[in-house]
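# build the 3D model from these lines:
(2 chains)
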Amino acid sequence: MATTDKEVNELIKREYEHGFVTEIEADTFEPGLNEDIIARLSAIKNEPEWMLEWRLKAYRRWLEMEEPDWAHVGYPKIDYNSISYYSAPKRKEDMPQSLDEVDPELLKTYEKLGIPLHEREKLAGVAVDAVFDSVSVATTFKEPLAKAGVIFCSISEAIRDYPELVQKYLGTVVPHGDNFFAGLNSAVFSDGTFVYVPKGVRCPMELSTYFRINAANTGQFERTLIIADEGSYVSYLEGCTAPMRDENQLHAAVVELVALDDAQIKYSTVQNWYPGDEEGKGGIYNFVTKRGACIGKNSKISWTQVETGSAVTWKYPSCVLRGENSVGEFYSVALTHNYQQADTGTKMIHLGKNTRSTIISKGISAGKSSNAYRGLVKFGPGAEGARNFTQCDSLLIGDRCGAHTFPYIESKNKSAIVEHEATTSKVSDEQMFLCRQRGIDPEQAVSMIVNGFCKEVFKELPMEFAVEAGKLLEVSLEGSVG
Amino acid sequence: MKPAPTLSTAFLESAGQSLPKPLLDLRKQRGTALVDMPLPTRKTENWKYSSKYLKLTEDMASPLPSQGQGMTGQDVPGYRIVFLNGVIQPEASEFPQAAGIQVTSFRDLDDEEAEALAGQLDSTLDDKAVQLARLNAARFEDGLLIRLKPDAVLDQPLFVIHEVTADASGSAFPRIFVDAGRHSQATLVEEYRSSGSEPVMVNTVAEFNLADGANITNVRLTMEGDNVQHIGATGVRQQRNARFESHTVGFGGPLRRHDLQVRLEGEGGECKLNGVVVTQGKQHFDNHTTIEHVAAHCNSEETYRNIAADQSHAVFNGRIHIHQDAQNSNADMNNKNLLLSNGAEIDTKPELEIYADDVKCAHGATIGQLDEVSLFYLVSRGIARREANVLLTMAFINELVEQIPLETVRETAHTRLNQFFDQTFQEV
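Here you go, the predicted model:
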């Protein structure tokens, strides 16, 4: 998801009350979408001819597509012609000049999450000196990455500098005709991340958008492409636990992962976008297509996500298990509060022999929110000896929220085995009583119980992320009891 | 985008005028409502896996003859109602005569009774979900009305034999409405059979309206031939402390679709739904069930088992919907599937939709093949491999077959199952 390290949600609550507000600046496109706009966008980004054609092809296809309505979410119809599809980064003068100008509520949240001081500035959109940033970043990780031969840059750079790689893999996992939002993204994607890990290389560090210098202003249509060549390994972290300011209401990102023989990709997401206020007004619409292709033998793709933000989430990180013995994993915690709606899950498509997948999904709904797991496990005729295990558990906090499970299971191979389990429960009075009797206040007790419920997923996260995620749940659940 | 194909108007023309006027009016009104009804496609969520099997040709729009040969119901002892191509055959039937129990053909109702019935028909079904079964209300030529007065108990099970004679293409639209008064009890067995080999459609609806404390058991055997497309819907509404039990045993066909919708509207309601489906060759079977927990303190228990052999296709979609105020609901759904061949396909979707927090809900689903270890155990003890296959497959579903409360029905099911085993498992 786009990590637009800008001011924060609470700051802009007032703006959101009036719906879709985009300040038109001189270097922002007028709202609307047509082939001209796409050509201009492509020109500004200095893209080669083939990229423009690719975008236009996607656009023409998108025009024929229909917006999906099967998800268990409701939102007012989006007018795609009222969106501006390009806006230049904000000028420094418009940003708050120091932390003193930032909403104190927000600072409190940072405090609770234990975010280091200089990072708070960046997150709150304070005009930080870019030099300080790039120096620290360059010295800490640019060098070792370059030494290992890992390419880690923005997708715009990659289109210019590594056109063969981009052309070879872009759109192979999520073709532009895949779905409505992926089509839109293919036509107008603003920027994103490109990672290539060469043969046999174990990426020397966890890659993260958060620390990438040009991560700011990736915009609302982010595109990520990660390629792990034979025998390589990469762990990629996306998003961050701190609430981030974002001016775009609609986000339609596409993430493509490609794992060749014996390669492994671990993709972790923590998403905490503006969920709208307590009445459910405003908030980000997060419509994301994430898919990984295990093309090679013995390859592995693992998705871990912690979703607490966004007003509407529509997201199904998937694995296409094509290579023999390839492995797909999906670990998810989705928490919804107030009027948030989430329809999220995964697809595990088993095509190769002895492919295996595991799905662990934990949904927590509080307030008046709605939280749905929607998953597909599919065994093709060639998925000899394939295996899937799915567990999806829901926890309800309060009696006005909803928790739903929509698992699709399709099998065309008799030797494939699938097991699916789902349970729904609430934070029981006994558990609460036990905690309270020992002097733990109700809010902390709920947080403990919820953290225990999510433990299986948190242990998949990189260590520092896991600690933050735990705190994030605590903050997000504030006010849900008592 | 190509516009979705719509139902041919030929299907909306009903010929027979033998029903009382209020029902004719209702039928006409329902027919008008269905003009331009889009047919389900692959994009229609609840027909996703089955729309490709639906083949409604123009010549299937005509009604099948309501009299003629067939009437094979005589082999069934006790109370029985024989429908031939959707029309009750009084001479072949054995109507129960008991105090407090009315069992009548729709055709024999006076206007007042028909008026009352017209207000009740389709009240147990969710129009949007059943789709094609709505056609029944626009086309039925006859129907069976069962009204049980409070505390009435039907002393023997009532068999309803639905027979179609497929000597020419056409459709039949049988219909049953059961209105069970307070604390009444009855067991109703529906058996679907066919003769002939022309392509035909059976479009059938059964409705059960259960007042407080009523106790109804419904057994449903789908055993038509490979030329019969079967589209059926069963709707159930339960008031306080009412209990409904359903046992379905289904054998595949070119298209088999059954929607079972249960609404638990009063506290203390209970339902138990068991289902067994067996498909072979190029057959298809699709079971869609919905249990709506509208009131608090209700229990539901659902167990479905599918077996798919050869190139056949079995579909299960179970939905449990716990409404906002349905606290203390208990719902348990379990679906297990056995794939016997690599050409076969099984699709299952056990859904939970929950809006109340103090509930106990669980569902489980599995798809797999016969366990190699168990097979080895049996074979190593001198049981022939074929026999071992049969034993294990039978064990997979017999738990449910044995729960059917009627010996004769169990026997019928076993006979058909044995045929299935003979065709599926070859001697090695």
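# wait, what's in contact with residue B:390?
B:421, B:425 (Cβ atoms under 8 Å, 6 or more residues apart in numbering or on different chains). The way it works is simple: take the backbone N, C-alpha and C, and place the C-beta from them, glycine included.
# and it, what element?
Assigned by DSSP states H and E, residue B:390 falls within helix B:385-401.
# which parts of that helix are buried?
Going by neighbour count (16 or more other Cβ atoms under 10 Å in any protein chain shown), the buried part of helix B:385-401 is B:388-393, B:396-398, B:400-401.
# then stretch A:424-439?
Residues A:424-427, A:432, A:435 are the ones in stretch A:424-439 that count as buried (16+ other Cβ under 10 Å).
# just the ones of these in helices?
Of the positions in the buried residues of stretch A:424-439, A:432, A:435 sit in helices, assigned by DSSP state H.
# can I assume residue A:32 sits in a strand?
No. Residue A:32 sits outside any strand when classified using DSSP: H, G, I helix; E, B strand; the rest coil, being coil.
# how far away is it from chain B?
When distance is defined by Cβ to the nearest Cβ, to the nearest Å, residue A:32 is 23 Å away from chain B.
# for the closest residue to that residue other than its chain neighbours, grab phi and psi.
Distances taken as Cβ to Cβ, 6 or more residues apart in numbering or on different chains put residue A:81 closest to residue A:32, at 5.0 Å, once the chain neighbours are dropped. The phi and psi values for residue A:81, taken as degrees, to the nearest 10, are phi -90, psi 0.
# doesn't residue A:37 make contact with residue A:81?
No. Residue A:81 is beyond contact range of residue A:37, at 10.0 Å (criterion: Cβ atoms under 8 Å).
# looking at those two now, which is surrounded by more residues?
The residue with more neighbours, out of residue A:81 and residue A:37, is residue A:37; 20 against 10, by other Cβ atoms under 10 Å in any protein chain shown.
# wasn't the more buried one part of a helix?
Yes. Checked against three-state DSSP, residue A:37 lies within a helix.
# do I have it right that it meets residue A:85?
Yes. Counting by Cβ under 8 Å, residue A:37 touches residue A:85, with 5.6 Å between them.
# list the residues that contact both of the two?
Residues touching both residue A:37 and residue A:85 by Cβ under 8 Å, 6+ apart: A:29, A:188.
# where along the stretch 251-400 of chain B do the strands fall?
Secondary structure of the stretch 251-400 of chain B (DSSP state E, counting those that start in this stretch): strands at B:255-264, B:270-279, B:284-293, B:299-308, B:313-322, B:330-339, B:345-354, B:360-368.
# low-scoring stretches of chain B, by residue?
B:1-3, B:69-74, B:427-428 (pLDDT under 70).
# around chain A, pick out the residues from it.
Counting by Cβ under 8 Å from any Cβ of the partner chain, the residues of chain B lying close to chain A are B:1, B:45, B:49, B:324, B:327, B:337, B:339-369.
# got a list of what residue A:322 touches?
Counting by Cβ under 8 Å, 6+ apart, the residues that residue A:322 touches are A:293-295, A:351-352.
# show me the beta-bridge partners of residue 257.
If you meant another chain, say so; for now it's chain A. Note on residue A:257: beta-bridge partners by DSSP bridges are residue A:226, residue A:292.
# look at chain B instead
residue B:231, residue B:286.
# mind checking how far it is from residue B:40?
Distance of residue B:257 to residue B:40, given as Cβ to Cβ, to the nearest Å: 10 Å.
# so for those two, which sits in the more crowded spot?
residue B:257 (28 against 20).
# pretty sure the more buried one contacts residue B:49?
No. Using Cβ under 8 Å, residue B:257 is not in contact with residue B:49, being 10.4 Å away.
# so which bits of the stretch 101-250 of chain A are right by chain B?
Counting by Cβ under 8 Å from any Cβ, no residue of the stretch 101-250 of chain A is near chain B.
# quick one, strands of the stretch 101-250 of chain A?
Using DSSP E, counting those that start in this stretch, strands in the stretch 101-250 of chain A cover A:151-154, A:191-197, A:207-208, A:222-228, A:233-239, A:250-251.
# reformat the ones you listed as CSV; add mean neighbour count and distance to residue A:448.
Shown next, in CSV, are the strands of the stretch 101-250 of chain A (neighbours: other Cβ atoms under 10 Å in any protein chain shown; distance: least, Cβ to Cβ, whole Å):
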stretch, mean neighbour count, distance to residue A:448
strand A:151-154, 19, 38
strand A:191-197, 24, 35
strand A:207-208, 22, 28
strand A:222-228, 26, 35
strand A:233-239, 21, 25
strand A:250-251, 21, 32
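# so which residue of chain A lies furthest out from the middle?
residue A:437 (39.1 Å; Cα atoms, centre = their mean).
# and residue B:374, what does it touch?
Here residue B:374 is in contact with residue B:392 (criterion: Cβ under 8 Å, 6+ apart).
# neighbours around the closest residue in space to residue A:459 that isn't next to it in sequence, how many?
By the measure of Cβ to Cβ, 6+ apart, the closest residue to residue A:459 outside its immediate chain neighbours is residue A:466, 7.0 Å from it. When counting by other Cβ under 10 Å, one arrives at 19 neighbours for residue A:466.
# re the thing from before, what do residue B:257 and residue B:40 both touch?
B:50, B:132.
# hmm, back to that, okay if I get the strands of the stretch 101-250 of chain A as a markdown table plus distance to residue A:164 and mean pLDDT?
Compiled in a markdown table, the strands of the stretch 101-250 of chain A are given as follows (distance: least, Cβ to Cβ, whole Å; pLDDT from 0 to 100):
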| stretch | distance to residue A:164 | mean pLDDT |
| --- | --- | --- |
| strand A:151-154 | 12 | 84 |
| strand A:191-197 | 11 | 87 |
| strand A:207-208 | 22 | 76 |
| strand A:222-228 | 12 | 91 |
| strand A:233-239 | 20 | 86 |
| strand A:250-251 | 30 | 80 |
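# format these as JSON lines; extra columns: distance to residue B:316.
Formatted as JSON lines, these follow (distance: least, Cβ to Cβ, whole Å):
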{"stretch": "strand A:151-154", "distance to residue B:316": "46"}
{"stretch": "strand A:191-197", "distance to residue B:316": "40"}
{"stretch": "strand A:207-208", "distance to residue B:316": "43"}
{"stretch": "strand A:222-228", "distance to residue B:316": "37"}
{"stretch": "strand A:233-239", "distance to residue B:316": "37"}
{"stretch": "strand A:250-251", "distance to residue B:316": "36"}
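# buried ones in stretch B:121-139, by neighbour count?
Across stretch B:121-139, burial judged by 16+ other Cβ under 10 Å covers B:121-122, B:124-125, B:129-139.
# list the beta-bridge partners for residue A:312.
residue A:285, residue A:341.
# quick one: pLDDT of it?
At residue A:312, the model reports a pLDDT of 87.
# how about residue A:328, what does it touch?
Here residue A:328 is in contact with A:292, A:294, A:300-302, A:319, A:321, A:348, A:355-358 (Cβ under 8 Å, 6+ apart).
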